[in-house]
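Turn this into a structure:
(chains A, B, C and D)
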Number of protein chains: 2
Amino acid sequence: MPTNRPKAGSPQAPSPAAARADSTVSPWRASRERLRDREVKRDAVIRAAARAFNRKGYHNTSLDDIAAALEVTKPTVYYYVSNKEQLLFECFVAGIEGIRAAFREARTLEVPARERLKAVLRQYGAAVASEFGWCMVRAEDQDLSPDMSAHIKAMKSEIDQGIRRLLREGIQDRSIHPCDPKMTAFALAGALNWIAHWYRESQSMTGGEIAEAFIAVFESGLKPRSEVSNEDPTCRKPKSSSSRPGAPRSARSRVSSRR
Amino acid sequence: MPTNRPKAGSPQAPSPAAARADSTVSPWRASRERLRDREVKRDAVIRAAARAFNRKGYHNTSLDDIAAALEVTKPTVYYYVSNKEQLLFECFVAGIEGIRAAFREARTLEVPARERLKAVLRQYGAAVASEFGWCMVRAEDQDLSPDMSAHIKAMKSEIDQGIRRLLREGIQDRSIHPCDPKMTAFALAGALNWIAHWYRESQSMTGGEIAEAFIAVFESGLKPRSEVSNEDPTCRKPKSSSSRPGAPRSARSRVSSRR
DNA sequence: TAGAATGGCTACCGGTGAGTATGATCCACC
DNA sequence: GGTGGATCATACTCACCGGTAGCCATTCTA
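Numbers count the residues shown, from 1 in each chain, chains lettered A, B, ... in the order given. Predicted structure coming up:
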């Protein structure tokens, strides 16, 4: 009997099987002859669930909906996953795996910590804007059994600690302005996580581009940089040159239509 | 005792905290004589709903739960609100009203736009951390009828536009570094909204204090301010003592005490 | 070609929870 | 002390949905 494992026992996230089939098409629809690859189908179930959750929310999505999207029936869905909760969990894992990969990659870069942080945040944004973003970001404790909830919490904490560590390293190597790593990590993660609340795939920017824009905001800060008077935080009237907003460096990522 | 609650008998009745604020006490419990003030009771229903949604989520909260928290029965709840959806809507409005008030107040201040923005953000954070924060931030379109959803969207858009306007004004009066107002507003609102996902009342910081810390992050930016010896009063060296003092003293949520 | 897997469907169960019909009780006021 | 409206409880209805039992169809294997 299939997979009753509630624990994380496998690296099932971005299954290589995913590449084998067009992710937007039900593998069942493909032909009369049945595809035998269980992994492909299971993956399709999880993707369909993610899309449905993303569109209608977890509680407003019935397993019949998911089955209908795949043009099969509910028991067929249950043939691949053990219950609805596990579906949500799998979507979460699939989403967060991209972020964990980002940290692994960043660890190999030989650049200042701020650049490593930026690399992580770019992929973070992309993951949040992906079809798994909703599940990753909005899966609620109350919808999951205690041990799955604990798993998710642990993974989220891992991400948080990773950001804090990069911040500390950046402060140390002087590529990042001294700040409170905890609160800064909260602010960064919050801004990026929130993308999942408003982003739709029809948007003109990709997740990575949004992350890029956010990074620009966080890097420069709101306070004008050209003025040295940080003793008096309020501005004065333009006193001289040097602060002409001729080339706003943050406005470059205005790409349009790139899906 | 008609307690038909199948769930674990949660000790949610804050009996020890009852002395702190009478908003946590059911007006029905007060005495045998009935309070005739319909507004007070209706308000209590909405507060109880907000707390329940906050703790267990909208879909995991039944109207029986809310009624039980007030020590009444479900039809009594229906005597004050017409349905569950309206309950969520009212909670949302109660929460967002604090933010709208912040904009109104800020409009009267005679300071640079960045300071006005900070004033708004402080109250924004406090509202998100209030008991209505969950409803305000996480009320989903899919859980609401189209016209209520439209109402909420309009209010959210109003807030967003207000932030953008302050940013534009700040850029104009040179109190804010030139940036893309739209993306900056998204980043700011996202970071603050996200508070509702992790904040619990037991936290050592109030919503306003968290907002203050976030403002510091956004103001200084991550990049070192190398002009001067990058000393900024709002950020500290990462020596020891990572946890902020946090001052449990709290000016707690004063949102929606309309009567 | 028998028989075993494998994959899928029809038809159902049981629980839950939103919302309600009905009537009892309390209070203010006459 | 009776009346009417406000308030609240008992006890339902009803629809939806997660999950399952059991049977049918196809393919693989020997």
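
any idea which helix is longest in chain A?
Ranked by residue count, the top helix of chain A under DSSP state H comes out as helix A:146-172.

which other helices and strands contact it?
Counting contacts by 3 or more C-beta pairs under 8 Å, 6 or more residues apart in numbering or on different chains; DSSP states H and E, helix A:146-172 packs against helix A:84-108, helix A:113-128, helix A:181-193. Every C-beta, even on glycine, is put in place using the N, C-alpha and C of the backbone.

as a whole number, average confidence for it?
The average pLDDT within helix A:146-172 is 95.

try stretch A:219-234
In this model, stretch A:219-234 has a mean pLDDT of 65.

coming back round to it: is the longest helix of chain A anywhere near DNA strand D?
No - against DNA strand D, helix A:146-172 shows no contacts by C-beta under 7 Å from any atom of the strand, the least distance being 12.2 Å.

is it true that residue A:142 touches residue B:58?
No - at 9.9 Å, residue A:142 does not count as touching residue B:58 under the criterion of C-beta atoms under 8 Å.

distance of residue A:87 from DNA strand C?
16 Å (C-beta to the nearest atom of the strand, to the nearest Å).

Equivalent analysis for residue A:177, please.
Between residue A:177 and DNA strand C the computed distance is 48 Å (C-beta to the nearest atom of the strand).

Residue A:201 now?
Using C-beta to the nearest atom of the strand, residue A:201 is found at 27 Å from DNA strand C.

Tell me the pLDDT of that residue.
81.

quick one: secondary structure of it?
coil (DSSP: H, G, I helix; E, B strand; the rest coil).

So what's the residue count around it?
Per other C-beta atoms under 10 Å in any protein chain shown, the neighbour tally for residue A:201 reads 12.

What does it show for phi and psi?
When read as degrees, to the nearest 10, the backbone of residue A:201 gives phi -60, psi -20.

before we move on, the earlier item: what distance separates the longest helix of chain A from the middle of the whole chain?
Between the centre of helix A:146-172 and the centre of its chain there are 14 Å (C-alpha atoms, centre = their mean, to the nearest Å).

Stretch A:117-131 now?
Counting by C-alpha atoms, centre = their mean, stretch A:117-131 comes out at 5 Å from the chain centroid.

Just list the residues touching the closest residue to residue A:190 other than its chain neighbours, thanks.
In this structure, residue A:190 finds its nearest non-sequential neighbour in residue B:194, 2.9 Å apart by C-beta to C-beta, 6 or more residues apart in numbering or on different chains. Contact partners of residue B:194, counting by C-beta atoms under 8 Å, 6 or more residues apart in numbering or on different chains, are A:186, A:189-191, A:193-194.

rerun at 7 Å
Remark: with contacts taken as C-beta atoms under 7 Å, 6 or more residues apart in numbering or on different chains, residue B:194 is in contact with A:190, A:193-194.

Against DNA strand C, how distant is residue A:215?
Relative to DNA strand C, and taking C-beta to the nearest atom of the strand, residue A:215 is found at 42 Å.

Which other helices and strands does the helix or strand containing that residue contact?
Using DSSP states H and E, the element containing residue A:215 is helix A:207-220. Judged by 3 or more C-beta pairs under 7 Å, 6 or more residues apart in numbering or on different chains; DSSP states H and E, helix A:207-220 is in contact with helix A:113-128, helix A:181-193, helix B:181-193.

Dump the ones you listed into JSON lines; add mean neighbour count, distance to residue A:219 and mean pLDDT as well.
Formatted as JSON lines, the helices and strands packed on helix A:207-220 follow (neighbours: other C-beta atoms under 10 Å in any protein chain shown; distance: least, C-beta to C-beta, whole Å; pLDDT from 0 to 100):
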{"stretch": "helix A:113-128", "mean neighbour count": "23", "distance to residue A:219": "8", "mean pLDDT": "96"}
{"stretch": "helix A:181-193", "mean neighbour count": "24", "distance to residue A:219": "11", "mean pLDDT": "97"}
{"stretch": "helix B:181-193", "mean neighbour count": "24", "distance to residue A:219": "11", "mean pLDDT": "97"}
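
Dump the ones you listed into CSV; add distance to DNA strand D as well.
Shown next, in CSV, are the helices and strands packed on helix A:207-220 (distance: least, C-beta to the nearest atom of the strand, whole Å):
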stretch, distance to DNA strand D
helix A:113-128, 25
helix A:181-193, 25
helix B:181-193, 27
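
Which one of those helices lies nearest to DNA strand C?
Closest of the helices and strands packed on helix A:207-220 to DNA strand C is helix B:181-193, at 25.0 Å (criterion: C-beta to the nearest atom of the strand).

Contacts only, for residue A:136.
The neighbourhood of residue A:136, defined by C-beta under 7 Å, 6+ apart, consists of A:92, A:95-96, A:127-128.

before we move on, back to that, which one's more surrounded, residue A:142 and residue B:58?
Using other C-beta under 10 Å, the more surrounded residue of residue A:142 and residue B:58 is residue B:58, with 24 against 13.

Can you tell me the number of residues neighbouring the closest residue to chain B within the stretch 101-250 of chain A?
Closest to chain B within the stretch 101-250 of chain A is residue A:221: 2.3 Å, counting by C-beta to the nearest C-beta. For residue A:221, the tally of surrounding residues (other C-beta under 10 Å) stands at 22.

gap between it and residue A:171?
Distance, residue A:221 to residue A:171, by C-beta to C-beta, to the nearest Å: 15 Å.

returning to that earlier point: mind giving me TSV with the contacts of residue A:136 and columns for distance to residue A:209?
Shown next, in TSV, are these (distance: C-beta to C-beta, whole Å):
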residue	distance to residue A:209
A:92	24
A:95	19
A:96	21
A:127	14
A:128	13
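
Same list (those) but as CSV, adding distance to chain B.
CSV is the format used below for these (distance: C-beta to the nearest C-beta, whole Å):
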residue, distance to chain B
A:92, 14
A:95, 15
A:96, 15
A:127, 15
A:128, 10
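
closest to residue A:50 among those?
Using C-beta to C-beta, the shortest approach to residue A:50 within the contacts of residue A:136 belongs to residue A:95, at 7.9 Å.

Quick one: neighbours of the closest one, just the number.
24.

Tell me which residues touch it, please.
By C-beta under 7 Å, 6+ apart, the contact set of residue A:95 is A:127, A:130, A:132-133, A:135-136.

Output the residues you listed as CSV; include the columns secondary structure.
Written out in CSV, the entries for those read as follows (three-state DSSP):
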residue, secondary structure
A:127, helix
A:130, coil
A:132, coil
A:133, helix
A:135, helix
A:136, helix
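
just curious, which of the residues you listed is nearest to residue B:177?
residue A:127 (28.3 Å).

and the residue nearest to that closest one when sequence neighbours are not counted, how many neighbours does it have?
Spatial nearest neighbour of residue A:127, chain neighbours left out: residue A:98 (3.9 Å); criterion: C-beta to C-beta, 6+ apart. Residue A:98 has 19 neighbours, counted by other C-beta under 10 Å.

Residue A:214 versus residue A:98, what's the distance?
In this view, residue A:98 and residue A:214 are 17 Å apart by C-beta to C-beta.

now do residue A:109
Counting by C-beta to C-beta, the gap from residue A:109 to residue A:214 is 20 Å.

Now do the same contact list for the residue of the stretch 101-250 of chain A closest to chain B.
Counting by C-beta under 7 Å, 6+ apart, the residues that residue A:221 touches are B:177, B:218-221.

quick check, stretch A:142-162 touching DNA strand C?
No - residues of stretch A:142-162 contacting DNA strand C under C-beta under 7 Å from any atom of the strand: none, with a closest distance of 11.1 Å.

before we move on, the earlier item: out of residue A:109 and residue A:214, which sits in the more crowded spot?
residue A:214 (26 against 12).

Contacts only, for the more buried one.
Contacts of residue A:214 (C-beta under 7 Å, 6+ apart): A:125, A:191-192, B:183, B:187.

All good on my end, thank you.
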